[in-house]
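[1] fold the following and give me the result.
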Amino acid sequence: MPDTKKLRNRIRSVNSTLHLTHAMELVASSKIRKANQRMEASGDHAAAFRAAMDILAASGSCAESVWMRGAREEGAEPKTLLVVIAGDRGLAGGYNANIFRFLRDWPGAEIIPVGKRACERFNPGGTRLLAEPFSAADANAMAETLCAAFSEGRADRVGILYTELTSMMSQTPKLRWILPLTAPEGVKPADMIFEPDEREILETAVPAYVAGELMACVRESFASEVASRRNAMDAAGKNAREMIDDLQLQYNRARQGAITQEITEIVAGGNA
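    Okay, the predicted model is just below:
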């Protein structure tokens, strides 16, 4: 017969876990709206900047810009530099694990981590750059680092590995290449006059463009982390409630069995 005391202790323990997961779900839910607003604002800014860069890249005078081509020799393996954005905390389902699993496809890449979990994995003991808050100053400083690495030939391509918020129930790891710039198909050179000229504007605008892409990706990753944590805590809460129901059923059966046994012993003793 199951021990009623042990069952009672397990019920109390699971119930404490249920309260914890419910509290974390409420906290994540309260952050979702603000995180989405900031993600949309950064996304709109990055999209507008990206459209302007496409117009500049389509110009023939920009074709020989250092930002339009890698520095590697023909046939050589490109040197890859990736900004990897992970979460600052755990308990977010497969959010962090999915990013690190996706990264296996780029074994030789140099990594610049953003987020506590990424820093612990790729830069233990070093400076931790948290995903929240990630300021404009952080984005500008990192953009300068990335642009310097590319322009000096230490990297042939630069990308950002982040998590795309496909929906509130689905978050997908995604790699966005930001350097070198490529002339987009179907975009014609703008019918306008640039001062001083397209190439000089492009050279000046690239660091700001990279900073905007970084900010957009970090904020979308943070919104994905919050959504993933809410979903994970909701699932954990449902599992805890099911476990409590099962344990409560076992406890009631054990208690009923113990009472029945006592009554039987009393009746047997009275008949003796």
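
[2] now do the helices in the stretch 151-272 of the chain.
    Ranges of helices within the stretch 151-272 of the chain are 198-271, based on DSSP state H, counting those that start in this stretch.

[3] from Cys147, how far off is Lys116?
    Using C-beta to C-beta, to the nearest Å, Lys116 is found at 25 Å from Cys147. The C-beta positions use only the backbone N, C-alpha and C, and glycine is treated the same way.

[4] same check on Thr166?
    30 Å.

[5] ok, Ala48 next?
    Ala48 is 20 Å from Cys147, by C-beta to C-beta.

[6] one more: Ser167?
    In terms of C-beta to C-beta, Ser167 sits 33 Å off from Cys147.

[7] same question, Ala97
    Applying C-beta to C-beta to Ala97 and Cys147 gives a distance of 31 Å.

[8] pick out whichever of the two has more residues nearby.
    Taking other C-beta atoms under 10 Å, Ala97 and Cys147 do not tie; Cys147 has more neighbours (21 against 14).

[9] so that one touches Val206, yeah?
    Yes: Cys147 lies in contact with Val206 (C-beta atoms under 8 Å); the separation is 6.1 Å.

[10] quick one: residues contacting Val66.
    By C-beta atoms under 8 Å, 6 or more residues apart in numbering, Val66 lies in contact with 150-151.

[11] again, but for Val206
    Here Val206 is in contact with 53, 67, 147, 179, 181 (C-beta under 8 Å, 6+ apart).

[12] make it 10 Å
    53, 56, 65-67, 143, 146-147, 150-151, 178-179, 181 (C-beta atoms under 10 Å, 6 or more residues apart in numbering).

[13] quick one, which of these are buried?
    53, 56, 65-67, 143, 146-147, 150, 178-179, 181 (16 or more other C-beta atoms under 10 Å).

[14] okay, now Ile111: neighbour count?
    Ile111: 16 neighbours (other C-beta under 10 Å).

[15] low-confidence ranges in the stretch 1-150 of the chain?
    Confidence mapping of the stretch 1-150 of the chain against pLDDT under 70 gives the ranges 1-2, 70-76, 126-127.

[16] distance of Leu249 from Met243?
    Applying C-beta to C-beta to Leu249 and Met243 gives a distance of 11 Å.

[17] these two: who's more crowded?
    Met243 (17 against 11).

[18] assign the residue lying closest to that one once chain neighbours are set aside to helix, strand or coil.
    In space, Met243 comes closest to Val14 once its chain neighbours are excluded; the distance is 5.2 Å by C-beta to C-beta, 6 or more residues apart in numbering. Classification of Val14 using DSSP: H, G, I helix; E, B strand; the rest coil returns helix.

[19] contacts only, for Val14.
    239-244, 246-248.

[20] all strands for the stretch 51-200 of the chain, in order.
    Using DSSP state E, counting those that start in this stretch, the strands of the stretch 51-200 of the chain run over residues 80-85, 110-114, 157-167, 170-179.

[21] so which of those is nearest Lys5?
    For Lys5, the closest of the strands of the stretch 51-200 of the chain is strand 170-179, at 42.7 Å, according to C-beta to C-beta.

[22] about what we covered before: out of the buried ones among the contacts of Val206, what pair is the most spread apart?
    Maximum distance among those (C-beta to C-beta): 18.5 Å, for Leu56 and Leu146.

[23] what about Gln261, how many neighbours?
    Other residues close to Gln261 by other C-beta under 10 Å number 11.

[24] same check on Ala41?
    13.

[25] repeat that for the one 4 residues further on.
    Other residues lying near His45 total 14 when counted by other C-beta under 10 Å.

[26] could you measure from it over to Val218?
    From His45 to Val218 the distance is 13 Å (C-beta to C-beta).

[27] gap between stretch 154-162 and the chain center?
    In terms of C-alpha atoms, centre = their mean, to the nearest Å, the centre of stretch 154-162 is set 17 Å apart from its chain centre.

[28] mind listing what Gly159 touches?
    80-84, 106, 109, 146, 174-179, 213, 217.

[29] of those, keep whichever come out buried.
    80-84, 109, 146, 174, 178-179, 213, 217.

[30] since that was my last question, I'll sign off now.
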